[in-house]
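Q: turn this into a model:
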Amino acid sequence: MRVRLFTVIIGVLVACIMMHEAVSATFADKIRGNGTVTLTGWAKLRGELMIYQDRESMDHNAKFPHCISGVFRNQAGMKLSEYDGRLVTITGMLYKYSDLPDEQRPVLPRKILANSVVPNFCFGTNVLLIETIKLTPDSHTAKTQ
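A: Next comes the predicted model:
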């Protein structure tokens, strides 16, 4: 009886780990691709919105591929603090970070996307030009798509 219970518990744990890996792979695959993407993840505001695949990745400041840096067109002056630390769903266009033009100030070279500075704190090969963002309900329990 104990052996059977132990086997069931081990099976459930393995299934949970595999499910988590599948979710992670989906997020990573999306942000490594190109074109328009829709992501659900946890947002952290640090001069850009960093979108994390899950709360744990955000809490540990994980980098790409668990995180992607994103900006809005003409982001300066936008009030984005309501999204900081919250679960959001975003739609945007992926751009290769290395292909972005440099800012015209020679003091500190920075990349520009749609008139917004992209610090790329996630250190990803791709960054995101965010077109839409919305808070996702039940942000205290949901993980990611």
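
Q: distance of the closest residue to Phe64 other than its chain neighbours from Ile90?
A: Leaving aside its chain neighbours, Phe64 sits nearest to Gly124 (3.4 Å; criterion: CB to CB, 6 or more residues apart in numbering). Bear in mind the C-beta positions are built from the backbone N, C-alpha and C, glycine included. Distance, Gly124 to Ile90, using CB to CB, to the nearest Å: 15 Å.

Q: next: Cys122.
A: 14 Å.

Q: got it, and Trp42?
A: Distance from Trp42 to Ile90, by CB to CB: 11 Å.

Q: what residues are shared contacts of these two?
A: Shared contacts of Trp42 and Ile90 (CB atoms under 8 Å, 6 or more residues apart in numbering): Ile51.

Q: look at these two and report which has more neighbours.
A: Trp42 (26 against 23; other CB atoms under 10 Å).

Q: CA atoms only for whichever strand or helix holds that one - export them in CSV, please.
A: In this assignment (DSSP states H and E), Trp42 forms part of strand 35-45. Taking Å, rounded to 0.1, in the frame of the first residue of the first chain, the C-alpha atoms of strand 35-45 are listed here in CSV:
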residue,chain,number,x,y,z
GLY,A,35,6.5,38.9,-35.6
THR,A,36,3.5,39.7,-33.4
VAL,A,37,3.1,37.8,-30.1
THR,A,38,0.6,37.8,-27.3
LEU,A,39,2.0,36.9,-23.9
THR,A,40,0.7,36.7,-20.4
GLY,A,41,3.3,37.3,-17.7
TRP,A,42,4.3,39.3,-14.7
ALA,A,43,5.4,42.9,-15.3
LYS,A,44,8.2,44.8,-13.6
LEU,A,45,8.7,48.4,-14.4
